[in-house]
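Asker: structure of the sequence below:
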Amino acid sequence: MKSRTLLFATSILGLAAPLMAAEAGHGAATTPVEHVNLFQFVAAILVFGIAFFVLSVTAWPKISKGLSERENKIRNEIEAAEKARKSADQALKDYEKSLAEARAEAQAMIDQTKAEQVRVVAEQRVKAEAEIAEMRASALTSIDAAKRAAVSDLYAEAAAIATSAASKILQREVNEADQRRIVEESIAEFTRDYARS
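Answerer: As a prediction, this is how the structure comes out:
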């Protein structure tokens, strides 16, 4: 209502100003009141008042309502934009947090995989070393058994040759028991020599 009153007063001054300017142009000897047509002035004020009243009843409420709706719409859009910005900021923070967690989880998985690889390699190494030691022990045992068998065969052959030679020298037959005793004594002597070495 204050804006309407202010608008009305401004308009009256606006209408009166040209009349005063016209009077000022006729000379300084005449007073402004003498040449001002009072009827025209009152008619102009009445026309303005009627126009102001009609506009204030018909146009101003619609204009005011439109401006108010526009102001509310702009305010709502600003609030919606602010909410969207806050939501986007929160979504960005959540995304960055999820990304950091995913990176940490991936790094943990990589570390776990590396540790598992180190453990598996260590287990394989220990297993391989145990297999090599077992193979070496088995090979040594086989070699030792083969050596004993070869020596035993060698002594048996040597005993047979020695028995044959001895029987020729002694001109008598060495029986099987004598031959076995000679072989056993030879093997025992070899075993003692072999154990010392």
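Asker: dump stretch 82-102 to PDB, keeping only the CA atoms.
Answerer: Written as PDB, here are the backbone C-alpha positions of stretch 82-102 (Å, rounded to 0.1, in the frame of the first residue of the first chain):
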ATOM      1  CA  GLU A  82      21.600 -25.400  -2.900                       C
ATOM      2  CA  LYS A  83      20.200 -28.800  -1.900                       C
ATOM      3  CA  ALA A  84      21.500 -30.300  -5.100                       C
ATOM      4  CA  ARG A  85      24.900 -28.800  -4.600                       C
ATOM      5  CA  LYS A  86      25.000 -30.200  -1.000                       C
ATOM      6  CA  SER A  87      23.800 -33.600  -2.300                       C
ATOM      7  CA  ALA A  88      26.500 -33.500  -5.000                       C
ATOM      8  CA  ASP A  89      29.100 -32.600  -2.500                       C
ATOM      9  CA  GLN A  90      28.000 -35.400  -0.200                       C
ATOM     10  CA  ALA A  91      27.900 -37.800  -3.200                       C
ATOM     11  CA  LEU A  92      31.400 -36.800  -4.100                       C
ATOM     12  CA  LYS A  93      32.600 -37.300  -0.500                       C
ATOM     13  CA  ASP A  94      31.000 -40.700  -0.400                       C
ATOM     14  CA  TYR A  95      32.500 -41.600  -3.800                       C
ATOM     15  CA  GLU A  96      36.000 -40.500  -2.600                       C
ATOM     16  CA  LYS A  97      35.600 -42.500   0.600                       C
ATOM     17  CA  SER A  98      34.400 -45.600  -1.300                       C
ATOM     18  CA  LEU A  99      37.300 -45.100  -3.700                       C
ATOM     19  CA  ALA A 100      39.800 -44.800  -0.900                       C
ATOM     20  CA  GLU A 101      38.300 -48.000   0.800                       C
ATOM     21  CA  ALA A 102      38.500 -49.800  -2.500                       C
END
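Asker: tell me the helices and strands packed up against the helix or strand harbouring Ile63.
Answerer: Per DSSP states H and E: Ile63 is located in helix 60-170. Using 3 or more C-beta pairs under 8 Å, 6 or more residues apart in numbering; DSSP states H and E, the elements in contact with helix 60-170 are helix 176-196. Where C-beta positions appear, they are placed from N, C-alpha and C, glycine not excepted.
Asker: angle of the helix it packs on against helix 60-170?
Answerer: Between the axis of helix 176-196 and that of helix 60-170 there is an angle of 130 degrees, by axes from the mean of the first three to the mean of the last three C-alpha atoms, to 10 degrees.
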